[in-house]
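1. Turn this into a structure:
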Amino acid sequence: MRIAITGSIATDHLMTFPGKFTDQLIADKLDRVSLSFLVDDLAIRRGGVAANIAFGLGVLGLRPLLVGAVGTDFAEYRHWLEEHGVSTAGVRESMLRHTARFICTTDADGNQIGSFYPGAMSEDGEIEIAPLAAAHGGIDLVLIGAGDPGAMLTHTQECRATGLPFVADPSQQLARILDDEQVRGLVDGAEYLFGNEYEEALIERKSGWTSADTLARVGVRITTLGKDGARVEQAGQPPVTVPPVPDARPVDPTGSGDAFRSGFLAAVAWGLSLERCAQLGNLMAVHALEATGPQEYDLKPGPLTERFATAYGEAAAAEVAAHLPA
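-> Prediction:
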């Protein structure tokens with residue numbers, strides 16, 4: 001299966017604050033917040049939703065096609081992704097803007113405050129997916145990840161018009177997409193819909209759909225539950241709840257949701273059950289969670305299989321191990 005990944009391609013500037021954001025908030029002054037956090041350190045990492053997901057798929061042995069716009073400062077990042085199994089043939093270089101930047105501070109409780117500069121990402125909507133599919137041997141599934149809102153809508157509309165199956169993953173951009181019809185347009189007809197519990201509720205509020213309505217309009221809905229694992233739902237079927245990996249050692253939550261998606265979609269590409277998909281998603285999320293930066297984890301088939309067996313059993317691990325790269 002060939003998977004194309006659209007969405008943000010960015011550099012992450014990650015900082016840690018040793019205290020708690022909530023301790024600095026004064027209830028009757030929230031309309032005039034003026035805060036500066038003295039952070040302990042700064043890590044500059046490769047990131048962006050699409051690049052993170054593509055990286056995870058690449059190290060799992062797939063050859064995903066990354067689609068998006070970047071600046072002329074992308075050469076080193078491009079080399080990194082290609083080295084880790086990602087095709088950057090769908091990446092367009094802007095002559096006008098820098099590659100996008102994500103600046104984020106994480107507190108002692110794992111809460112985050114971030115800002116995102118779109119840069120070249122604002123040109124994503126000018127990229128057409130169908131010609132890329134024709135030029136690169138076809139595309140079986142397109143993930144529409146969080147990026148430029150206009151591009152997300154354009155890519156989704158193109159997938160519908162050309163019959164390309166797509167994955168809806170609006171996540172962080174739900175806050176920017178205010179029009180109810182646009183939210184419905186991003187979700188309706190998706191083969192898979194990703195989100196966390198808050199995003200699931202936000203989609204229902206903005207679309208005007210009930211949970212059952214949403215399930216009737218997508219093939220599979222996957223909801224990440226943080227420390228409680230993940231839930232997978234299909235209309236007319238009982239939900240499948242997959243517990244988390246039990247021995248996680250959190251370091252940095254940035255990119256763990258993207259890693260989950262890469263694990264889930266890799267298992268989809270291998271033809272495994274939805275339960276196995278969510279299990280591999282959980283395990284990939286933990287790999288990212290235990291590293292500083294969304295693409296800094298080291299994935300080795302032997303240790304991954306052993307940890308999978310500990311979390312979900314020998315039989316489940318064997319099914320996944322059969323597809324892992326040597």
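
2. how far is the helix or strand of the chain with the lowest mean pLDDT from where the chain is centred?
-> Taking mean pLDDT, DSSP states H and E as the measure, the helix or strand of the chain with the lowest value is strand 112-117, at a mean of 86. Distance of strand 112-117 from the chain centroid (Cα atoms, centre = their mean, to the nearest Å) equals 16 Å.

3. Flag every buried residue along that strand.
-> Phe116 (16 or more other Cβ atoms under 10 Å). Using the backbone N, CA and C atoms, a C-beta is placed for each residue, glycine as well.

4. and stretch 242-251, how far from the chain's centre?
-> For stretch 242-251, the distance to the chain centre is 18 Å (Cα atoms, centre = their mean).

5. Also stretch 258-277?
-> Mean C-alpha position of stretch 258-277 versus that of the full chain (Cα atoms, centre = their mean) differs by 13 Å.

6. Packing partners of the least confident helix or strand of the chain?
-> When contacts are defined as 3 or more Cβ pairs under 8 Å, 6 or more residues apart in numbering; DSSP states H and E, strand 112-117 sits against strand 100-106.

7. Name the strands paired with the least confident helix or strand of the chain and say parallel or antiparallel.
-> strand 100-106 (antiparallel) (DSSP bridges).

8. CA atoms only for the strand it pairs with, dumped as PDB, please.
-> Coordinates of each C-alpha in strand 100-106 appear next as PDB, following Å, rounded to 0.1, in the frame of the first residue of the first chain:
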ATOM      1  CA  ALA A 100       7.200  26.400   9.000                       C
ATOM      2  CA  ARG A 101       8.200  26.800  12.700                       C
ATOM      3  CA  PHE A 102       6.500  25.300  15.800                       C
ATOM      4  CA  ILE A 103       7.600  26.900  19.100                       C
ATOM      5  CA  CYS A 104       6.300  25.000  22.200                       C
ATOM      6  CA  THR A 105       6.800  25.100  26.000                       C
ATOM      7  CA  THR A 106       5.900  22.000  28.100                       C
END
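
9. What's the mean pLDDT across it?
-> Here strand 100-106 scores 89 as its mean pLDDT.

10. Ok, stretch 148-157 next?
-> pLDDT averaged over stretch 148-157 gives 95.

11. Show me the contact partners of it.
-> Contacts to stretch 148-157, defined as Cβ atoms under 8 Å, 6 or more residues apart in numbering, come from residues 6-7, 118, 121-125, 127, 129, 142, 144-146, 166, 168, 170, 173, 176-177, 182, 185-186.

12. Restricted to buried residues, select the residues you listed in ChimeraX.
-> To isolate the buried members of the contacts of stretch 148-157 in ChimeraX, using 16+ other Cβ under 10 Å:
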select :6,7,118,121,122,123,124,125,127,129,142,144,145,146,166,168,170,173,177,182,185,186
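
13. From the contacts of stretch 148-157, which land in helices?
-> 129, 182, 185-186 (DSSP state H).

14. so which one among the residues you listed has the lowest pLDDT?
-> Where pLDDT dips furthest among these: Gln182, at 90.

15. neighbours around the closest residue to it other than its chain neighbours, how many?
-> Leaving aside its chain neighbours, Gln182 sits nearest to Leu153 (6.1 Å; criterion: Cβ to Cβ, 6 or more residues apart in numbering). By other Cβ atoms under 10 Å, the residues close to Leu153 number 17.
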